[in-house]
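K.L.:
Sequence first, then the predicted structure, then my questions.
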Amino acid sequence: AEEGWRVPAATRLVQHREELSAGALAVRCHALRGHTRGSICYEVSLPGGPGPACLFSGDSIFVGGCGALFERSARVLHGDLGRLFREVPPDTLLFPGHEYTVMLLQMAVARDRHSAQAREKLQWARARRARKEPTVPTRLGDELGYNAWAQIAMDPQAGPEDFRLFCQLCGVQDDDTSDKRQ
């Protein structure tokens, strides 16, 4: 809703936690601001149907990482990301807007060479790409095993040093809480 000015033909803007329907599908909106001021992820499910829900995340969260901060602070993204992982079921399938899986997992392994989950996921992703197969979707809950952004956002013991690392992952030097490009 914050970005309505960017879509002049929009007849209706969605809000965080708003629930919609599209035929038999249920759609729940989740703010995940950072890449843009009003970034929204859509959790889509078939109530009573087979299989898990799907989360369409655009440029906000990817397999192994998050999108670049352009219009919100690291603190806003940190809060929204933690809330998303608490509210969305872990078996939800994540469909990001881009497939940066191998690159982000290479970064994860470089950051933490002892992370067996990151190494295994990277090996899996490389094998899929070698066969020209996609690396998405992935289970949202699996991200907690190798996505440092998600790990820090969900860690109840995280302190100032962890938040500084979160800022570094986001490409900012400090914990600036002001929004970018006001």
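P.N.:
Alright, I've got the coordinates. Residues are numbered from 1 along each chain as shown.
K.L.:
Can you pull the phi and psi angles for the closest residue to Leu77 other than its chain neighbours?
P.N.:
Closest residue in space to Leu77, ignoring its immediate chain neighbours: Gly34 at 3.4 Å, by CB to CB, 6 or more residues apart in numbering. Every residue, glycine included, has its C-beta placed from N, CA and C. The main-chain torsion angles of Gly34 are listed as degrees, to the nearest 10 and equal phi 160, psi -60.
K.L.:
For Glu143, which residues are in contact?
P.N.:
Ile61, Val63, Gly64, Phe85, Leu94, Ala150 (CB atoms under 8 Å, 6 or more residues apart in numbering).
K.L.:
of all the residues you listed, which comes closest to Arg131?
P.N.:
Val63 (16.7 Å; CB to CB).
K.L.:
wait, isn't that closest one in contact with Arg139?
P.N.:
No: assessed by CB atoms under 8 Å, Val63 is found out of contact with Arg139, at 10.0 Å.
K.L.:
Please name the bridge partners of the spatially most central residue of the chain.
P.N.:
In the chain, the centroid-proximal residue (CA atoms, centre = their mean) is Ile61; its distance is 2.3 Å. As for beta bridges, Ile61 partners with Cys66 under DSSP bridges.
K.L.:
Could you report the pLDDT at it?
P.N.:
We have a pLDDT of 95 for Ile61.
K.L.:
Check Ala1 too.
P.N.:
Looking at Ala1, its pLDDT reads 53.
K.L.:
Now list whatever residues contact both of Val63 and Arg139.
P.N.:
Joint contacts of Val63 and Arg139 (CB under 8 Å, 6+ apart) are Leu94.
K.L.:
more neighbours, those two?
P.N.:
Legend: neighbour count by other CB atoms under 10 Å for Val63 and Arg139, higher for Val63 (26 against 16).
K.L.:
so what's the more buried one up against?
P.N.:
Applying CB under 8 Å, 6+ apart, the residues near Val63 are 94, 96, 99-101, 104-105, 121, 125, 135-136, 138, 143, 147.
K.L.:
what do you get for His35?
P.N.:
Contacts of His35 by CB under 8 Å, 6+ apart are Gly58, Asp59, Ser60, Gly67, Ala68, Leu69, Phe70, Glu71, Arg72.
K.L.:
Where does it fall, secondary structure wise?
P.N.:
Under DSSP states H and E, no helix or strand contains His35.
K.L.:
Excluding chain neighbours, what is closest to it?
P.N.:
Closest to His35 by CB to CB, 6+ apart is Gly67, at 3.9 Å.
K.L.:
Output the lowest mean pLDDT helix or strand found in this protein.
P.N.:
helix 160-170 (a mean of 90; mean pLDDT, DSSP states H and E).
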